[in-house]
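> Got a predicted structure here, sequence first:
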Amino acid sequence: MSCFRYERDADGVVTLTFDMPGRSQNVWSQASIDDLSAVVERLAGDAESKGAILTSAKKDFVAGADLEELKSICFGPRDAADLNARCGALSVVLRRMETCGKPVVAAINGAALGGGLELCLAAHRRIVADDPRIKLGLPEATLGLLPGGGGTQRLARLIGVTASMPLLMEGKQLRPDAAKKAGFVDEIVPAAELMAAARAWLLGKPVSTQPWDAKGYKVPGGGVDDGTVLQTFMVANAMLLAKTQGNYPAGRAILSCLYEGLAVDIDAGLLVEKRYFVQLLLGPVAGAMIRTLFLSMQEANKLARRPAGVPRRKPARIGILGAGLMGAGVAFVAAGLGIEVVILDRSREAAEAAWTYATQRLDKQISRGQSTPAQKEALLGRIHPTADYADLAGCDAVVEAVFEDRAVKAQVTAAADAVLGPEAIFGSNTSTLPITGLAAASSRPDRFIGLHFFSPVERMPLVEVIRGEATSEETLAFALDLVQALGKTPIVVRDSRGFYTSRVFGTYITEGMAMLAEGIAPTLIEAAGRRSGMPMPPLALADEVGLGLMAQVGRQTRADLGDAAPHNPSTVVLEALVDGQGRTGKRSGQGFYDYGMDGGKRLWSGLGAQWPARADQPTVEALVTRFLYTQALEAARCVEAGVIEDPGEADVGAILGWGFAPYTGGPLSFIDGVGLPAFVAQADALADAVGKRFRPPALLRRFASEGRGFYPR
Ligand code: NAD
């Protein structure tokens, strides 16, 4: 069965409907590209046709490439000739379509992203349905790729080199009106009139030649030999390097496609694009990013780890204990998604902080045109502040977000238990306290689970779902339903100190402090942190988390574990700063940095006296290796200990939770990318040179000797 329907009416108007059998979305796969090729040939040879309307039978127009297929190219066996043919296939068909002699109009009835928009760009006219939910864009760069179906060449030839740069390099997605303003949409019409408008164009004065194939064509805004455009390239290169630290080859490749591709004609430009596309596919970044940020994330969002056989439940009403930063954040998100929220604090006034929090955010959204006063009123109406536990009756779930104190948590747990129905689950948002211990305060420990949200809740996409020893399968299943209903991505972890995210993330910060203790210059440490691709350098991040808080967690761990507590050279640094100097982090204005009233910060000048810089400073690369290895090793230890089972979830959690260098695809992808034997050898070398925290766990040695990795090859 073909992916395209070919229907010609009495007026000679052909409708080409993209409708992939058995799939909810249209994507570019080997099969759909072949089918497009066949219908384009039929159109070209159809003497009775006046031209074609391209449209889609799905809700979205075309979602882009089949990423499973791309992943198999990234990680599968590599035959250069086969790869060249496969990767260039869409580009060849689209070029044939725009030069086949018949006018083609794209009637865009839904989102057209990536290869979907590339199809539209190869049409001679683009008409979009007036629906603000429709998005148009070329997001390939966000997965380490570039648009390989002619997108870099046609967009720049249509709207100009400078205007196309942010769309290509940042993968910006535009609503129809913004796309029309940007110049790559010709017409916006009411959805019901879409096909009629396309027909009218075909039966009027259609053109079947692209501007770039017409005589005298000039790139809008100037070609690559224009002085202003050349300057744009220089600025874009510098900005790209500052932003990506050279870790993402896609941006660089896109600039090359523009620079080299627009210096020649379109056919040669398409070949330039293909060469860079194949280069990216064969490099280490694209495959890792596609696997983690698309495929594994999709699995997590589909709740792949939800226990089978437990019926789905949609939460209608939830309770939240504590209207502080986290409680108010969860309330805002839930109410925004239509869930009724009972929020409880020590007094009704304290609970009303959730209204203040939501009001501030909504007012900002209204001022930006992203919300309306009526929506604000409706949302606030779904948040019910209280100090009375009886109001929690009828809630499907409770999220506990009171102080990080075992006694306080135990008291609110018992009070909530007394009024909750038998089906309701209780999720604690603790960041450090083991769930099994907290569940001891509950009369129904099987209904108790950890729901670790991140701050700020409305922006952070991850929730770490922590199973306690007694947590039932039903509770886990419903907790995952709840996370999904809140629009977040869940990962499932086993109860243990620091769970998964805090445990691994902590090693990045402590490694930065350990470097300081060794006499490595703080500016070098911070530069290496940035260079490694982490969102913030380690000492600045330590200040954000709070040095006082970290010192306290360290003391608690040592008290709980005694001699078994892990020893780390960062402890000395932390204690010298917190106990010796009273520097407790950003909140107090003094930590590794001094914070000025103007919001600026500088590394504290006293660091040099406290930890004199040694004469032989290491290279930035050596420090980057330490930052990535320390986290990757801890993530591997978490897998070994069963804290987290699925490598995909571990990698998704790392990138979404603490921003672990996304170009690696996550810490376990990083290990696989280096290769197990090489990774183990390097870790051993670091252990000998720096400290035993780098000694690889037995699991990695076993993987290395068995010739396997975390992901199947
Ligand atoms: P917060 O201090 O901002 O808020 C705590 C709220 O709990 C306050 O409004 C307080 O009045 C209320 N409260 C205290 N005792 C209470 C009681 N007996 N009954 C009812 N309400 C009570 O704290 P937060 O930052 O929102 O953190 C809450 C929880 O979330 C903690 O367990 C924390 O470890 C965890 N957490 C925090 C973050 C973060 O970045 N702040 C991130 C993840 C998890």
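Perfect, I can see it now.
> Closest residue of the stretch 1-150 of the chain to the ligand?
Per CB to the nearest ligand atom, the residue of the stretch 1-150 of the chain with the smallest distance to the ligand is Thr142, at 26.1 Å. For every residue, glycine as well, the C-beta is placed using N, CA and C.
> Would you agree that residue is in contact with Lys172?
No. In this structure, Thr142 is not within contact of Lys172 by CB atoms under 8 Å, at 9.7 Å.
> Can you give the contact residues for the host helix or strand of Val573?
Following DSSP states H and E, the helix or strand that holds Val573 is helix 570-575. Outside of helix 570-575, the residues that reach it under the criterion CB atoms under 8 Å, 6 or more residues apart in numbering are 509-514, 516-517, 547, 550-551, 554, 611.
> quick revisit: what's the spatially closest residue to the residue of the stretch 1-150 of the chain closest to the ligand that is not a sequence neighbour in contact with, if anything?
Residue nearest to Thr142 in three dimensions, not counting chain neighbours: Gly171, with 4.3 Å by CB to CB, 6 or more residues apart in numbering. Neighbouring residues of Gly171 by CB under 8 Å, 6+ apart: 137-142.
> I'd like the distance between Gly171 and the ligand.
To the ligand, Gly171 is 29 Å away according to CB to the nearest ligand atom, to the nearest Å.
> Against Phe61, how distant is that residue?
Relative to Phe61, Gly171 is positioned 17 Å away (CB to CB, to the nearest Å).
> Okay, and which of the contacts of helix 570-575 map to helices?
509-514, 516-517, 547, 550-551, 554 (DSSP state H).
> Nearest to the ligand, out of those residues: which one, please.
Using CB to the nearest ligand atom, Met550 is the member of these that lies nearest the ligand, at 13.0 Å.
> I figured the closest one was touching Ala542, is that so?
Yes. With contact taken as CB under 8 Å, Met550 and Ala542 are classed as touching, separated by 6.8 Å.
> who's more crowded, the two?
Taking Met550 and Ala542 together and counting by other CB atoms under 10 Å, Ala542 has the greater number of neighbours (27 against 21).
> Report the contact partners of that one.
With contacts defined as CB under 8 Å, 6+ apart, the neighbours of Ala542 are 509, 512-513, 550, 585, 591-592.
> what's the answer for Val408, then?
For Val408, the contact set (CB under 8 Å, 6+ apart) comprises Val402.
> pLDDT score assigned to it?
The model reports Val408 with a pLDDT of 96.
> cool, Asp563 as well?
We note a pLDDT of 84 for Asp563 in this prediction.
> hmm, back to that, buried residues of the helix holding Val573, list them for me.
Residues of helix 570-575 classed as buried under the neighbour-count rule (16 or more other CB atoms under 10 Å) are 570-571, 573-574.
> and the gap between Asn518 and Ile525?
That one is not Asn; residue 518 is Glu. Separation of Glu518 from Ile525 (CB to CB) stands at 10 Å.
> can you check Ser91 too?
45 Å.
> Could you look up the SS state of the residue of the stretch 1-150 of the chain closest to the ligand?
Classification of Thr142 into helix, strand or coil gives helix, according to DSSP: H, G, I helix; E, B strand; the rest coil.
> Give me the number of neighbouring residues for it.
Here the number of neighbours of Thr142 (other CB under 10 Å) works out to 19.
> same question, Ala178
For Ala178, the count of nearby residues is 14 (other CB under 10 Å).
> can you check Ala414 too?
Around Ala414 there are 13 other residues, counting by other CB under 10 Å.
> Need phi/psi at the residue in the chain positioned nearest to the ligand.
Across the chain, the shortest distance to the ligand (CB to the nearest ligand atom) belongs to Gly324, at 1.7 Å. Main-chain torsions, Gly324, degrees, to the nearest 10: phi -80, psi -160.
> Return the residues of the protein in contact with the ligand.
Proximity of the chain to the ligand (CB under 6 Å from any ligand atom) is limited to residues 321-327, 344-346, 350, 401-404, 408, 411-412, 429-431, 453-455.
> Could you tell me which residues make contact with the closest residue to Cys100 other than its chain neighbours?
Across the structure, with CB to CB, 6+ apart as the measure, the residue nearest Cys100 apart from its sequence neighbours is Ala44 (4.0 Å). Counting by CB under 8 Å, 6+ apart, Ala44 touches 96, 100-102.
> Of the residues you listed, which is the nearest to Thr228?
Comparing the contacts of Ala44 against Thr228 with CB to CB picks out Arg96 as the nearest, at 34.5 Å.
> Pull the number of nearby residues for that closest one.
Arg96 sits with 15 neighbouring residues when counted by other CB under 10 Å.
> Need the three-state assignment for the closest residue to it other than its chain neighbours.
What sits nearest to Arg96 in space, not counting adjacent residues and going by CB to CB, 6+ apart, is Val40, at 5.6 Å. For Val40, the assignment made with three-state DSSP gives helix.
> which sections of the stretch 501-650 of the chain are below the confidence cut-off?
Low-confidence segments of the stretch 501-650 of the chain, defined by pLDDT under 70, are absent.
> Good, we can wrap up now.
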